[in-house]
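> have a look; sequence and predicted model below, questions after that.
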Amino acid sequence: QVQLVESGGGLVQAGGSLRLSCAVSGRTFGAYAMAWFRQAPGKEREIVAAISWRNITTYFIGSVKGRFTISRDNAKNTVYLQMNSLKPEDTAVYYCAAASRGVSSEPRVYDYWGQGTQVTVSS
């Protein structure tokens, strides 16, 4: 059984930064592609960024490119999302997810999910 636990969310002013962490326990972390999704109130869940087991990164939302950075530390079984220059439209619950089949933008491809962490950006 694989468990994902996010941390690092909170309330921040526009222009500020947060670093989300997702600790993964269970089976071999290095074999999974990892991703961060987010879901704002009244909106569908959307993928923000993903990183393959080979550390190839993909950013799926144009507005986060240059501001967000996804990374992973296989020795610590942890994936990170560094978020800089935050904007009110980044407000959402952020989820990490793990996929054994590789990076995909489709939520249904991901095998395991964390419980989510709230990020609120005030203007």
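Structure's in. What do you need? Residues are numbered from 1 along each chain as shown.
> drop to CA atoms for contacts and neighbour counts, all remaining ones
OK.
> and the residue most central in space within the chain, what helix or strand is that in?
Centroid-nearest residue in the chain, with C-alpha atoms, centre = their mean: residue 36, separated by 2.2 Å. Secondary structure from DSSP states H and E places residue 36 in strand 33-39.
> next SSE downstream of that strand?
Using DSSP H and E, the helix or strand that directly follows strand 33-39 along the chain is strand 46-51.
> quick one: that following strand to strand 33-39, angle?
Interaxial angle, strand 46-51 versus strand 33-39 (axes from the mean of the first three to the mean of the last three C-alpha atoms, to 10 degrees): 160 degrees.
> who does strand 46-51 touch, helix- and strand-wise?
Taking 3 or more C-alpha pairs under 8 Å, 6 or more residues apart in numbering; DSSP states H and E as contact, the helices and strands that strand 46-51 lies on are strand 33-39, strand 57-59, strand 68-73.
> cutoff 10 Å now
On a contact count with 3 or more C-alpha pairs under 10 Å, 6 or more residues apart in numbering; DSSP states H and E, strand 46-51 meets strand 33-39, strand 57-59, strand 68-73, strand 78-83, strand 92-99.
> partner strands of the following helix or strand past the longest one and their direction?
Spelled out, that is strand 92-99. Once the chain leaves strand 92-99, the next helix or strand it forms, by DSSP H and E, is strand 112-113. Paired neighbours of strand 112-113 in the sheet (DSSP bridges): strand 92-99 (antiparallel).
> distance from the chain centre to stretch 92-105, please.
Computed by C-alpha atoms, centre = their mean, to the nearest Å, the separation of stretch 92-105 from the middle of its chain amounts to 7 Å.
> pull out the buried residues from the helix or strand of the chain with the lowest mean pLDDT.
Within the chain, no helix or strand scores below strand 57-59, which has a mean of 94 by mean pLDDT, DSSP states H and E. Using 16 or more other C-alpha atoms under 10 Å as the test for burial, strand 57-59 gives 57, 58, 59.
> what lies in contact with that strand?
The contact list for strand 57-59, computed with C-alpha atoms under 10 Å, 6 or more residues apart in numbering, reads 33-36, 47-52, 65-66, 68-72, 103-105.
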